[in-house]
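Student: based on what follows, work out the 3D shape:
(chains A and B)
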Amino acid sequence: MNASAAIGHESHGHHGPVLQYQPGLPLSRGKLIMWLFLSTEIMFFAALLGSYVVLRFGAAVWPKPHHVHLSEPIGAFNTFVLICSSVTVVLALEAARANKRSLAKAWMLITLILGSLFLGVKAYEYSSKFDHGIYPWAPRGRIYERPDLYYGSAVRARLSDPAILAKLKELDGRPENELSDAEITGRRRLKQVRDMVNNPDQQAFDLAVVADQIMPLPGEGADSHDHGGGLNDTFAWLQLPAVIPGGNMWASTYFFLTGFHAIHVIVGLIVFSILLLYELGPKAAGMIENAGLYWHFVDLVWIFLFPLLYLF
Amino acid sequence: MSNSEPHKSSNAAHGPITSPGKLPEEIESVAEDEQAHEHHGGIMQYMAVFVALCFLTTMSFLTYSSYWPWRDEPQVGWAFMMAVSCTKALLVVLFFMHVLWEANWKYVLTIPAAMMAIFLTIMLIPDIGLRNRMVAQERALHMARGSDVLLLEKAASADSSDEVEKHEHE
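Tutor: Alright, predicted model coming up:
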């Protein structure tokens, strides 16, 4: 690999040409391999992002960020964290090249901490999705596309679950002074929902009201506190199906994209942990540079993921 | 090579004769040393890029502010956000990944990859992007529509007006 022969001058009296190895490309093997690997990663994420763009803009309806409990400031904070970690990796490389070993190790450690912070924030975001019944797929995912008969029967089925019936009975039995204001209103609305869902003469609009009670989708600029957050928020054990038009496709693409990105972040953190075991002097600069290339790529993917998922 | 002295032929199986003292591994480290001695820009340049990246990240929120003039045309906002992302990506690739100072192989790497990314997205438009142009009745019965969103918003406002009435009666 990397070798092209050049005819050199003999110095030991041999009668054949003396060949010299010279690098075919002006970069080391490790760096070349890392760039080849990154080109495969570019293909991977380009496929994912490209198909997300097409799916999202071809969808009839797509949920707004506040419908799916997506917080743009948290995404921006994550972006900032990853950008900082890119800077610290570069600083670690510069320190290693200048033979400042403990400084290089310190920057590497900070990179590791920032990467872990990113993962922690991501885990927090995921948990807030799970709390609202937004999972990558059924049966844990409780998202319905339309407030129609199928949705109504799903709500009825959940309300007829023996465990839920027991809890509902217990809730109805408690006196008002034991419950918070939200729970008192919630109990009244829950009774409304049960009546509407069991009503044989229910109208299409009734189901929309039911959906709104269970998990409201606030309009542009509306204050979500008007509704008290919905029944699924007031009673965490209730876990009724919710209507988020376009929500299933959204959940699938969101978890797929951010999940694979998070896996890449984890791999990067493993690489940094291993590097921390080495002496980070000029000899290790090549390894740090290659690990840094991978980490910058992970940052790059997030730079595209953030606006596509959070801001569009 | 083959007409060299007898004792040399035993080395023929190991490949061409290298000139003394220049093993491939040494070529490796020389290449790395050359890169190490080239101080491109240095730390201040990286800091400048960092500040630019932070600024651009803040800019991507510009479409949310009240000063954004194109609220009625979301496509302008999307184009702006993509431009900001591409600029940020370019800064990371050129400076942090050192690609600005790399040789011409960087074009071999980046240009086909960029072409592939764009081509793949365009290729998916007829089958996936335009899938809702002609839908089967079965799908139409179950898919979400804009009217569902309006219905839910109506239910939300009906509920809040109920709340208002309740408070008025209390």
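
Student: and the next element down the chain from whatever helix or strand A:Ile74 lives in?
Tutor: Using DSSP states H and E, the element containing A:Ile74 is helix A:72-97. Using DSSP H and E, the helix or strand that follows helix A:72-97 towards the C-terminus is helix A:101-131.

Student: now do that following helix: which elements does it pack against?
Tutor: If contacts are counted by 3 or more Cβ pairs under 8 Å, 6 or more residues apart in numbering or on different chains; DSSP states H and E, helix A:101-131 sits against helix A:72-97, helix A:247-275, helix A:285-306. No exception for glycine: its C-beta is placed from N, CA and C like everyone else's.

Student: for it, give the mean pLDDT please.
Tutor: For helix A:101-131, mean pLDDT is 95.

Student: pLDDT below threshold where in chain B?
Tutor: Along chain B, the parts satisfying pLDDT under 70 run over B:1-41, B:160-170.

Student: do that again at 90, thanks
Tutor: Residue ranges of chain B with pLDDT under 90: B:1-43, B:59-75, B:77-78, B:101-106, B:109-110, B:132-135, B:139-142, B:145-170.

Student: do the same with the stretch 101-250 of chain A
Tutor: A:131-133, A:136-142, A:148-149, A:167-239.

Student: for the stretch 101-250 of chain A, what spans make up the strands?
Tutor: Listed in chain order, the strands of the stretch 101-250 of chain A (DSSP state E, counting those that start in this stretch) span A:143-144, A:242-243.

Student: minimum distance to chain B: which of the ones you listed has it?
Tutor: Ranking the strands of the stretch 101-250 of chain A by proximity to chain B (Cβ to the nearest Cβ) places strand A:242-243 first, at 6.6 Å.

Student: need the residues that contact the closest one.
Tutor: A:132-133, A:142-147, A:151, A:208, A:211, A:214-215, A:217, A:230, A:232, B:148, B:152 (Cβ atoms under 8 Å, 6 or more residues apart in numbering or on different chains).

Student: direction included, what does it pair against?
Tutor: Strand A:242-243 has the following strand partners under DSSP bridges: strand A:143-144 (parallel).

Student: mind listing residues that contact the strand it pairs with?
Tutor: Strand A:143-144 has contacts (Cβ under 8 Å, 6+ apart) with A:133-134, A:150-151, A:154, A:211, A:241-244, A:247-248, A:251.

Student: just the buried residues of those residues.
Tutor: By neighbour count, with 16 or more other Cβ atoms under 10 Å in any protein chain shown, those hold A:133-134, A:151, A:211, A:241-244, A:247-248, A:251 as buried.

Student: residue numbers of the stretch 201-312 of chain A in contact with chain B?
Tutor: Contacts of the stretch 201-312 of chain A with chain B, taken as Cβ under 8 Å from any Cβ of the partner chain, map to A:204-205, A:208-209, A:211-213, A:216-219, A:222, A:226-227, A:243, A:245-247, A:282, A:285-286, A:289, A:292-293, A:296-297, A:299-300, A:303-304, A:306-307, A:311-312.

Student: now B:Met97: closest residue in space that isn't a chain neighbour?
Tutor: A:His296 (4.8 Å; Cβ to Cβ, 6 or more residues apart in numbering or on different chains).

Student: tally of neighbours for the one you found?
Tutor: Close neighbours of A:His296, defined as other Cβ atoms under 10 Å in any protein chain shown, add up to 23.

Student: my guess is it contacts B:Phe96. True?
Tutor: Yes - judged on Cβ atoms under 8 Å, A:His296 makes contact with B:Phe96 at a distance of 4.8 Å.

Student: overlap in contacts, those two.
Tutor: A:86, A:89.

Student: which residues does the residue in the stretch 151-300 of chain A positioned nearest to chain B contact?
Tutor: Closest residue of the stretch 151-300 of chain A to chain B, Cβ to the nearest Cβ: A:Pro245 (3.4 Å). Going by Cβ under 8 Å, 6+ apart, A:Pro245 touches A:61, A:63, A:145-146, B:144-145, B:148-149, B:152.

Student: try 6 Å
Tutor: Going by Cβ atoms under 6 Å, 6 or more residues apart in numbering or on different chains, A:Pro245 touches A:61, A:145, B:144, B:148-149.

Student: nearest to B:Ile122 among the strands of the stretch 101-250 of chain A would be which one?
Tutor: strand A:143-144 (30.1 Å; Cβ to Cβ).

Student: what is the most widely separated pair among the contacts of A:Pro245?
Tutor: Largest pairwise distance in these, by Cβ to Cβ, is 10.8 Å, between A:Glu145 and B:Val149.

Student: isn't A:Met215 right next to A:Asp233, touching?
Tutor: No - using Cβ atoms under 6 Å as the test, A:Met215 is too far from A:Asp233 to be in contact (7.7 Å).

Student: the two: which is more packed in?
Tutor: Each of A:Met215 and A:Asp233 has its neighbours counted (other Cβ under 10 Å); A:Met215 has more, 26 against 18.

Student: the more buried one and B:Leu130: what is the separation?
Tutor: Shown here: A:Met215 relative to B:Leu130, a distance of 31 Å by Cβ to Cβ, to the nearest Å.

Student: same thing with B:Phe95?
Tutor: B:Phe95 is 39 Å from B:Leu130, by Cβ to Cβ.

Student: columns distance to B:Thr121 on top of the buried ones among the contacts of strand A:143-144, output as CSV?
Tutor: What follows is the buried ones among the contacts of strand A:143-144, written out as CSV (distance: Cβ to Cβ, whole Å):
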residue, distance to B:Thr121
A:Gly133, 31
A:Ile134, 26
A:Tyr151, 33
A:Ala211, 34
A:Pro241, 34
A:Ala242, 31
A:Val243, 30
A:Ile244, 26
A:Gly247, 24
A:Asn248, 22
A:Ala251, 22
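
Student: ok, back up a step: need the contact list for the closest residue to the residue of the stretch 151-300 of chain A closest to chain B other than its chain neighbours.
Tutor: Spatial nearest neighbour of A:Pro245, excluding adjacent residues (Cβ to Cβ, 6+ apart): B:Ala144 at 3.4 Å. For B:Ala144, the contact set (Cβ under 6 Å, 6+ apart) comprises A:61, A:145-146, A:245-246.

Student: again with A:Gly30
Tutor: A:Gly30 neighbours (Cβ under 6 Å, 6+ apart): A:286, A:290.

Student: now swap in B:Leu151 and tell me
Tutor: A:Ala208.

Student: try it again with 7 Å
Tutor: A:147, A:205, A:208 (Cβ atoms under 7 Å, 6 or more residues apart in numbering or on different chains).

Student: thank you kindly, that will do.
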